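# Make a model of this:
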Amino acid sequence: MLARTGVLGDLDRLTQQLANGSASVGTVIPADAWRDEEALYLQFDLPGMDRSTIELTTEHQTLTLIAERPSPIPADARPVLTERPVGRFTRRLALSDALDAAAAEAAYDNGVLTLRIPLAAHAKPRKIAISGDAPKQLSA
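Numbers count the residues shown, from 1 in each chain. From the prediction side, this is the model:
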């Protein structure tokens, strides 16, 4: 059996009472982001969450991630130690208009959600062909 005594045990009990079983309040979904010439990539840590509880949406250049982790402790059991957050988690990120959110792709593997959002066509670098002739001027 696990037992914490003294100040740490008291602090644990106080924290649990304040949280009232809702440890997800204030918990942030950790993320990493990077980009290359083609897309923006985001990875979110969602350990222990079933794929069916994960929801990704975009609206008005805002990405919203919602996921839920139920408590593994049966309702009729008496918790001894509860350190892992449970409940509903939300993360919102502002997206640049240089991204094509409609073409985003997501995959979930081993508790990590990976999202790839391609750059919009207008945001990609492009080369301008150079000819040997002088450009024609528009007449007014």
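# Could you list the low-confidence segments of the chain?
Per-residue confidence for the chain (pLDDT under 70) gives these ranges: 1-26, 135, 138-140.
# Let's see that with 50 instead.
1-4, 20-24 (pLDDT under 50).
# Can you show me the strands along it?
Ranges of strands within the chain are 31-35, 39-45, 55-59, 62-69, 87-94, 105-109, 112-118, based on DSSP state E.
# Of all those strands, which one is nearest R78?
strand 87-94 (19.4 Å; C-beta to C-beta). The way it works is simple: take the backbone N, C-alpha and C, and place the C-beta from them, glycine included.
# Give the other helices and strands that the closest one contacts.
Where contact means 3 or more C-beta pairs under 8 Å, 6 or more residues apart in numbering; DSSP states H and E, strand 87-94 is packed against strand 62-69.
# Give the pairing partners of the strand it packs on; include direction for each.
Strand pairing for strand 62-69, using DSSP bridges, gives strand 55-59 (antiparallel), strand 87-94 (antiparallel).
# what comes up buried for the shortest one?
It refers to strand 55-59. L56 (16 or more other C-beta atoms under 10 Å).
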